[in-house]
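> Build the 3D model from these lines:
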Amino acid sequence: MAPGVARGPTPYWRLPLGGPALLLLLIPVAAAQEPPGATCSQNTNKTCEECLKNVSCLWCNTNKACLDYPVTNILPPASLCKLSSARWGVCWVNFEALIITMSVVGGALLLGIAICCCCCCRRKRSRQPDRSEEKAMREREERRIRQEERRAEMKTRHDEIRKKYGLFKEENPYARFENN
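Model prediction:
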């Protein structure tokens with residue numbers, strides 16, 4: 001980097017608060033997976049925790065059933081289990097709460113990104129007039145200095161011409177009338 005060149009702040013990236021929370025939720029789930037051969041229906045009428053050890057299982061709280069997660073659908077259909085009683089990943093979060101939470105977090109992230117982009121664009125736009133304003137002020141000051149130099153040159157030139165022709169300005173032009 002060349003000396004004297006200003007550098008902006010270096011970006012500091014970190015996971016939002018939801019990132020570590022999501023990681024903490026998924027670590028126990030991933031660590032306690034059952035072997036792929038185990039089916040979800042074996043865990044029916046057992047506990048939610050035992051059912052959700054297998055990531056491909058869905059726990060329905062209303063009928064205490066452990067079901068295979070319908071991978072063809074994003075959300076389990078209401079005929080399989082209502083969203084308010086469906087559990088996946090962890091037992092203490094139902095699908096409705098999960099959907100609402102993820103929507104709010106996603107919306108907040110998108111809003112935050114949009115605000116950051118707007119602020120960055122506005123900051124770039126506001127910097128440009130400052131530079132041009134500085135340049136205009138510098139040029140104005142240079143013009144004023146040149147004008148003063150020209151005035152001083154013209155004054156000396158006019159004084160030389162007056163002196164040459166005897167028209168030199170007196171300090172007090174009425175002084176010659178006072179003696180009479």
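
> Per-residue confidence, C81, what does it come out as?
Model confidence at C81, expressed as pLDDT, equals 86.

> and the nearest residue to it once chain neighbours are set aside, what is it in contact with?
Once its chain neighbours are removed from consideration, C81 has its nearest residue in C60; the separation is 3.7 Å (CB to CB, 6 or more residues apart in numbering). C-beta coordinates here come from the backbone N, C-alpha and C atoms, glycine included. Neighbouring residues of C60 by CB atoms under 8 Å, 6 or more residues apart in numbering: C66, L67, L80, C81, S85, A86, R87.

> redo that, cut-off 10 Å
Applying CB atoms under 10 Å, 6 or more residues apart in numbering, one finds that C60 lies in contact with T44, C48, C51, C66, L67, P76, L80, C81, K82, S85, A86, R87.

> does W59 sit in a helix, a strand or a coil?
Here W59 is recorded as strand under DSSP: H, G, I helix; E, B strand; the rest coil.

> Just give the number of residues close to it.
Residues contacting W59 under the criterion other CB atoms under 10 Å number 28.

> again with I99
Counted with other CB under 10 Å, the burial measure for I99 works out to 13 neighbours.

> Got the phi and psi for it?
For I99, the backbone dihedrals (degrees, to the nearest 10) come out as phi -60, psi -50.

> before we move on, back to that, weed out the non-buried ones from the contacts of C60.
Among the contacts of C60, the ones that count as buried by 16 or more other CB atoms under 10 Å are T44, C48, C51, C66, L67, P76, L80, C81, K82, A86, R87.
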